[in-house]
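S.K.: any chance you could fold what I've pasted below:
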Amino acid sequence: MTKTPRHSESLDDERPREIDSVDVEAATSRQESLHELVASSDTGGRSPAKPVAYLISGTALVWSLFQLWIASPLPFMIGAGVFNNTETRSIHHAFALFLAFLAFPASRSIFQLVLGIGVPLLLGFLFLEGATGVLPGWYIPAITLAMIAAVALPSPNKRVLPHEWALAIAGAATASYLYFAYESISGRIGAPNMTDFMVGTVGLMVLLEATRRALGPALMVVASVFLVYTFLGPYMPSIIAHKGNSLSEVINHQWITTEGVFGIALGVSTSFVFLFVLFGSLLDKAGAGSYFINVAFSLMGHMRGGPAKAAVVSSAMTGLISGSSIANVVTTGTFTIPLMKRVGFSAEKAGAVETASSVNGQIMPPVMGAAAFLMVEYVGIPYFDVVKHAFLPAVISYIALVYIVHLEAMKAGMQGLPRAYEPKPWLQWLVGVVFGILVLCVLSFAVYYGIGWIRPAFGANAGWVVFALLIAVYVGLLWYGAKYPTPQLDDPDKPITELPLPGPTVKSGLHFVLPVVVLVWALMVDRLSPGLSAFWAAAFMIFILVTQHPISAFFRGTGNYGLEAGRGLIDLIDGLITGARNMIGIGIATATAGIIVGAVSQTGVGPALAEVVEVLSGGNLLAILFLTAILSLILGMGLPTTANYIVVSALLAPVIVTLGEANGLIVPLIAVHLFVFYFGIMADVTPPVGLASFAAAAVSGGDPIKTGAIAFFYSLRTAALPFLFIFNTDLLLINVDVLHGIFIFIVATVAMLLFAAATQGWFLTRNRVWEGIALLLIAFTLFRPGFWMDMAVPPYDDRPATELAEAAASTPPGQPLRLRIAYLDPFGAPSERTVELPLPDGASGEERLANAGLELVQTDGKTMIDNVAFGSPAEAAGLDWDQQITLVRTPAEQPTKYWMFLPALALLGLIVWGQRRRAPHEPTRPRAEAMAG
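M.R.: Numbers count the residues shown, from 1 in each chain. Here you go, the predicted structure:
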């Protein structure tokens, strides 16, 4: 009902202060609760008195400076302060443990207390049994009782109690033991002494308690189960039983060497992850996060459901520099969610859109949480290849989410926010976009070939020349941006009068793009290590933080240069501290995940688990993929994404590859690791735990469980992609050229949009049941046309092993030869698998096989592998002596699989024709009404 002017005036005259007061109080309360939520999950929820707060901040600052030091080339230039990998991991872990007990108070639920008391008690008795004759009889019971008392005692948010100081100091001391006793330990590897035992037992228990505080009980329980399993191997069911390990073996493996806690995961956290998290923190403190949000709103806010589309785009841009789902939700959601509600989204749908888009920030290269850097170590491929493989699915997923938002807006007849300018004619707009792309391409080529010319021309001084040019571009962009006012995030709860102008908004902060360009250039073009690339990007960010305010003040003529310089220095220190505090949870998670990885390697449980999973799945690859997805979701409900990825990939990634080979499907290891990672991040969405959904609900005021359910429904596109790129590795750009890659991107994007339309029940209008099924079928066909073509015409001709030489001779150069292999698994059971053998050039088939490192012998009519050359393609393919080649599979003459697109597109045309015939006129609402929601 429309209000009369008099009524409106009376409201404005009589109660403006009361309304403002209530709004301000509610907004302040909401911001405080959101800050507490992010702090409790990312940086630590404790807010002690100033002396302790200063100590925490000072320690975090020193940690950041230490990480910058070890990543820089300075130690090697001056010949001092050089640390080896073990020493840096030790110091990194010491910082994380010390800060974990000071920054994270312990939860006090009954469940937490039972676990916190029960786990130290159980491990204490296990350690006691293994310590007989090694340690004093009083030692383990005393440590166990001390840990139980520490867990049971209160843990306030406002101060650090004496027992927490003791735990923090004990954690730092035991973690840094490898640094201080490095020389001594290196002389007695495999023979720990009493000091090693004492340090290792205390260190493991303190680490588990730090995990409970910083990450919740789930990861602590999982790690404890694996420790218990290490000791009690003989008492386990026969399928997973092992000889059991003594205390000496466990402490040596888990704490003294780099096989357990100080293993690869903690090494990646030390070398790579910290610097990328720090880079993102510095970029955010410089104002890039606010800039990205403003740019997204200026470009997309006028569209249907514009705030929701802007939320997706801004979350994607924020995801470039942030590896935290919850921080991403709060950073962009406090602005986007209220605006989404204003244009017609319900509280739950607004929160779900923000959750789905923010969680997907973890799959967006180049940061991708910590998983991208772990994949470098676990898969054994360069970081450039990880980013290349992960890029296309991430972009397709975000495009599909924008389309889902558009469909929701279409269903509800929403309008966009008002803009303060008349839009250009579409042809003029298109010409402008094309011209902008051409200018960008020209600049890219000029920079690429220009630097390529500078390096040989200036030799050793080329670095200084490039740096000077970079600074000149930076100053030029600041001068250009100073002509426009710095955009500010308005209060989203107040009425929106108009959107910011796109041009001035984009131009005001172009210098924020430079550090990202430096990072991408170092990673992708110069192919520097991830650590060194992140160091140079962070170093440039430090320069920007210190200089951007005084230089902008100079160009704007506002003066106060000293004040502006001080403001930049404060931002720098704040960014260094925040970056380190954001790393506490990741540092603890990677160390604790090391316990699990160490237990798997020490007990040899991997093959046993593979057999269990194979039995459960019936040997079916699709079934094991579903089991892996479910396990990732379950573990992810309590584990952070990084720990979830480490655990599931260590246990199941080799199993998926092995089962794929048994089913005749060659699954690249990177595809399996990305599959595990995708479902790990889905756990941040999935009810009932999904922390990102709870964060979004805290902003929107909606129901968190309902928000999580809707977000999971929106995220079905993300859940579908891993299954698709397992069976169609073209989506990961594996062995794909540029033109083919562009074609795949276009087709896969269309397919994902059709999948979104099917799952949302709306295409041009509301779908009928048969139309939804047909859209799913069309999407599947576009994603995997080979599925239907392989059913019509087999892709391979099977030939007997006796024709191996002839098949090798006829295999085209660059194409692998597929072989079916019979062998005995680690348990002595007969198994079969398919391998791809790359064939070097040769004059004959026999010579090509020999050049591949394969020697064969005929025994009783069987083709047996007699020898495999070390370091040869045959060894890399997994071939070994005494394996039997049972079958040779050569590519068959098959029509191109893309013929399957024709019936799919014809069916799509039929759906479009039918929906256009019955589509009603688009509902329209007055813009003011749409703004009111």
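S.K.: can you pull out the helices in the stretch 751-900 of the chain?
M.R.: Listed in chain order, the helices of the stretch 751-900 of the chain (DSSP state H, counting those that start in this stretch) span 769-783, 785-792, 804-810, 845-851, 873-876.
S.K.: nearest to Ser508, of these?
M.R.: helix 769-783 (40.4 Å; C-beta to C-beta). (Each C-beta comes from the backbone N, C-alpha and C, glycine too.)
S.K.: next, the angle helix 785-792 makes with that closest one.
M.R.: Orientation check (axes from the mean of the first three to the mean of the last three C-alpha atoms, to 10 degrees): helix 769-783 against helix 785-792 gives 90 degrees.
S.K.: and the protein, what are its domains?
M.R.: 38-302+418-603, 798-891 (automatic domain parsing).
S.K.: for the shortest one, give the mean pLDDT please.
M.R.: Think domain 798-891. Taken as a whole, domain 798-891 carries a mean pLDDT of 84.
S.K.: swap in the first one?
M.R.: Mean pLDDT, computed over domain 38-302+418-603, is 83.
S.K.: now do it: distance to the chain's middle.
M.R.: 13 Å (C-alpha atoms, centre = their mean, to the nearest Å).
S.K.: got it, and the shortest one?
M.R.: Shown here is domain 798-891, whose average C-alpha point lies 38 Å from the average C-alpha point of the whole chain (C-alpha atoms, centre = their mean).
S.K.: okay, now it: how far is its last residue from its first?
M.R.: Domain 798-891 has an end-to-end distance of 9 Å (C-alpha to C-alpha, to the nearest Å).
S.K.: quick one: low-confidence ranges for the stretch 601-750 of the chain?
M.R.: 610, 619, 636-640, 687-690 (pLDDT under 70).
S.K.: now the helices for it?
M.R.: Going by DSSP H, counting those that start in this stretch, the stretch 601-750 of the chain shows helices at 605-617, 621-636, 641-662, 669-682, 691-700, 704-714, 716-727, 738-760.
S.K.: can you lay out these as a markdown table showing mean neighbour count and distance to Leu266?
M.R.: Formatted as a markdown table, those follow (neighbours: other C-beta atoms under 10 Å; distance: least, C-beta to C-beta, whole Å):
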| stretch | mean neighbour count | distance to Leu266 |
| --- | --- | --- |
| helix 605-617 | 17 | 20 |
| helix 621-636 | 19 | 19 |
| helix 641-662 | 24 | 10 |
| helix 669-682 | 25 | 18 |
| helix 691-700 | 28 | 23 |
| helix 704-714 | 23 | 31 |
| helix 716-727 | 22 | 27 |
| helix 738-760 | 19 | 35 |
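S.K.: quick one, which of those is nearest to Phe76?
M.R.: helix 641-662 (29.3 Å).
S.K.: the closest one to helix 621-636, inter-axis angle?
M.R.: The directions of helix 641-662 and helix 621-636 differ by 170 degrees, with the same axes, to 10 degrees as the criterion.
S.K.: return stretch 603-618 as PDB; C-alpha atoms alone will do.
M.R.: Written as PDB, here are the backbone C-alpha positions of stretch 603-618 (Å, rounded to 0.1, in the frame of the first residue of the first chain):
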ATOM      1  CA  THR A 603      52.400 -48.700   8.400                       C
ATOM      2  CA  GLY A 604      52.000 -49.400   4.700                       C
ATOM      3  CA  VAL A 605      48.200 -49.100   5.100                       C
ATOM      4  CA  GLY A 606      47.800 -47.600   1.600                       C
ATOM      5  CA  PRO A 607      47.500 -50.800  -0.400                       C
ATOM      6  CA  ALA A 608      45.200 -52.300   2.300                       C
ATOM      7  CA  LEU A 609      42.900 -49.300   2.100                       C
ATOM      8  CA  ALA A 610      42.900 -49.600  -1.600                       C
ATOM      9  CA  GLU A 611      41.700 -53.200  -1.300                       C
ATOM     10  CA  VAL A 612      39.000 -52.100   1.100                       C
ATOM     11  CA  VAL A 613      37.800 -49.400  -1.200                       C
ATOM     12  CA  GLU A 614      37.900 -51.700  -4.200                       C
ATOM     13  CA  VAL A 615      35.800 -54.200  -2.400                       C
ATOM     14  CA  LEU A 616      33.300 -51.500  -1.400                       C
ATOM     15  CA  SER A 617      33.100 -50.100  -4.900                       C
ATOM     16  CA  GLY A 618      33.000 -53.500  -6.600                       C
END
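S.K.: show residues contacting it.
M.R.: 229-230, 233, 239-240, 242, 245, 599-600, 623-624, 627, 650-652, 654-655, 658-659, 825-827 (C-beta atoms under 8 Å, 6 or more residues apart in numbering).
S.K.: thinking again about what came up before, okay if I get the domains of the chain as TSV plus distance to Ala308 and mean neighbour count?
M.R.: Formatted as TSV, the domains of the chain follow (distance: least, C-beta to C-beta, whole Å; neighbours: other C-beta atoms under 10 Å):
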stretch	distance to Ala308	mean neighbour count
domain 38-302+418-603	9	18
domain 798-891	45	16
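S.K.: nearest to Ile710, of those domains?
M.R.: Ranking these by proximity to Ile710 (C-beta to C-beta) places domain 38-302+418-603 first, at 20.5 Å.
S.K.: about what we covered before: of the domains of the chain, which is nearest Asn663?
M.R.: Between those, domain 798-891 lies closest to Asn663; by C-beta to C-beta that is 8.0 Å.
S.K.: all the helices of the stretch 251-400 of the chain, in order from the start?
M.R.: Using DSSP H, counting those that start in this stretch, helices in the stretch 251-400 of the chain cover 264-268, 274-285, 288-300, 306-319, 325-342, 347-359, 371-379, 383-412.
S.K.: before we move on, the earlier item: now the domains of the chain in TSV, with distance to Val747?
M.R.: Output for the domains of the chain, formatted as TSV (distance: least, C-beta to C-beta, whole Å):
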stretch	distance to Val747
domain 38-302+418-603	21
domain 798-891	22
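S.K.: quick one, which of those is nearest to Ala643?
M.R.: Of all the domains of the chain, domain 38-302+418-603 comes closest under C-beta to C-beta, at 4.2 Å.
S.K.: could you export the helix or strand where Pro75 lies as PDB, CA atoms only?
M.R.: Element membership of Pro75, judged by DSSP states H and E, is helix 74-78. Provided in PDB are the C-alpha atoms of helix 74-78 (Å, rounded to 0.1, in the frame of the first residue of the first chain):
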ATOM      1  CA  LEU A  74      69.500 -11.700   0.400                       C
ATOM      2  CA  PRO A  75      70.800 -14.500   2.700                       C
ATOM      3  CA  PHE A  76      72.600 -16.000  -0.300                       C
ATOM      4  CA  MET A  77      74.000 -12.600  -1.400                       C
ATOM      5  CA  ILE A  78      75.500 -11.700   2.000                       C
END
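S.K.: next structured bit after it?
M.R.: Next along from helix 74-78, by DSSP H and E: helix 85-103.
S.K.: number of nearby residues for Tyr898?
M.R.: 13 (other C-beta atoms under 10 Å).
S.K.: can you start the count at 13 instead of 1 from here on
M.R.: Okay, residue one is now 13; in that scheme the one you just asked about reads as Tyr910.
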